[in-house]
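Asks: My questions concern the predicted model and sequence given below.
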Amino acid sequence: MANTTPGNQTPEAQQFNTWAELVEATAKEIQNAAMQGDPAGSNSSTAGAYIEAEQQILRQIQMDCFPEDYHLLQAGKPIPANSRLLCLAPQYDANHRLIRVGGRLRRAESLDLSVVHPVVLDPTHVYTRLLIQDVDARLGHPGPERVFAELRRTVWILRGREAVKRHQHSCMDCRRWRANPASQQMADLPPARLRLFKPAFYSTGMDCFGPFWIKIGRRREKRWGILFKCLTTRAVHIDLLTSIDTDSFLMAFRRFIARRGKPAEVYSDQGTNFKGGEKELQ
């Protein structure tokens, strides 16, 4: 059972890693308190319990960070002149027992109460940091302005933009998305690429590509291409294969040698025609 204070069903935030876990635990505490008063009630958490849990968490933030302002506004008295909330024209919501931001949208009947009068929160409270973390993860770790705009739809965090940037600076997922691609140091060239005083195709690489369809009379047949490349000069020799088997490769290789000369070393992949040709040449 989570630790609670008298008259408050909000657990200790140090036990939780996410906002959802905190709301879930708070809702269960509220439901358990309701069960003690009404043993015949339902044992499952309802949507109303989750809504009340979120309001309880927000209320706890305000009572921890603005205790004097909270009690003065609750009593209908003006807040001190040195209060951090003075410039926000705060007002007390008696229905939800929350401090909300004043403003000029009181006559906007089509907007929700949380949009017209957002709930004031302190950026340093651990619950507020969990809320920022939840919105950031739910939006897929975008830029700070996107997270800040989403938070402003329901809550007003003092120095909110700074709080969002501070969270994203320490968030590993945000840092991973913002990171620049690492510039890899290229490895040294192999010896086959450095035969500077050898003739072309002394070191040769080869590979096949295709197939391609060709038309012979009224029938269509497949053909493949084979590419021989000088690894030093980058010169290219291309030939045609009638099949992808060993015999076709060896015939193309003989034509290549007759035209370009015998290479000292040949590199290829593990194609079956190349491996079969190597066995026959051995």
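Replies: Thanks, I have it.
Asks: on contacts alone, who are the packing partners of the worst-scoring helix or strand of the chain on mean pLDDT?
Replies: Counting by mean pLDDT, DSSP states H and E, the chain has its least confident helix or strand at helix 19-37, which shows a mean of 84. Contacts defined by 3 or more CB pairs under 8 Å, 6 or more residues apart in numbering; DSSP states H and E place helix 19-37 against helix 47-65, helix 126-138. Every C-beta, even on glycine, is put in place using the N, C-alpha and C of the backbone.
Asks: So for it, what gets flagged as buried?
Replies: By neighbour count on 16 or more other CB atoms under 10 Å, the buried set for helix 19-37 is 19, 22-31, 34.
Asks: ok, and the closest non-adjacent residue to residue 152?
Replies: residue 118 (6.6 Å; CB to CB, 6 or more residues apart in numbering).
Asks: thinking again about what came up before, ok, so of the buried residues of helix 19-37, who is nearest residue 220?
Replies: The closest of the buried residues of helix 19-37 to residue 220 turns out to be residue 19 (CB to CB; 63.5 Å).
Asks: what's the nearest residue to the closest one if we skip its chain neighbours?
Replies: residue 134 (3.5 Å).
Asks: Please parse this structure into its domains.
Replies: 1-66, 191-281 (automatic domain parsing).
Asks: can I get these in CSV with distance to residue 164?
Replies: Output for those, formatted as CSV (distance: least, CB to CB, whole Å):
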stretch, distance to residue 164
domain 1-66, 14
domain 191-281, 50
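Asks: wait, which of those is closest to residue 146?
Replies: domain 1-66 (17.5 Å).
Asks: can you give me the helices for the stretch 101-250 of the chain?
Replies: Taking DSSP state H, counting those that start in this stretch as the criterion, the stretch 101-250 of the chain carries its helices at 113-116, 126-138, 144-151, 160-170, 172-178, 246-260.
Asks: Deepest-packed of those, please.
Replies: A comparison of those by mean neighbour count, using mean count of other CB atoms under 10 Å, puts helix 126-138 on top with a mean of 20.
Asks: So which elements touch that one?
Replies: With 3+ CB pairs under 8 Å, 6+ apart as the test, helix 126-138 has helix 19-37, helix 47-65, helix 144-151, strand 155-157, helix 160-170 packed against it.
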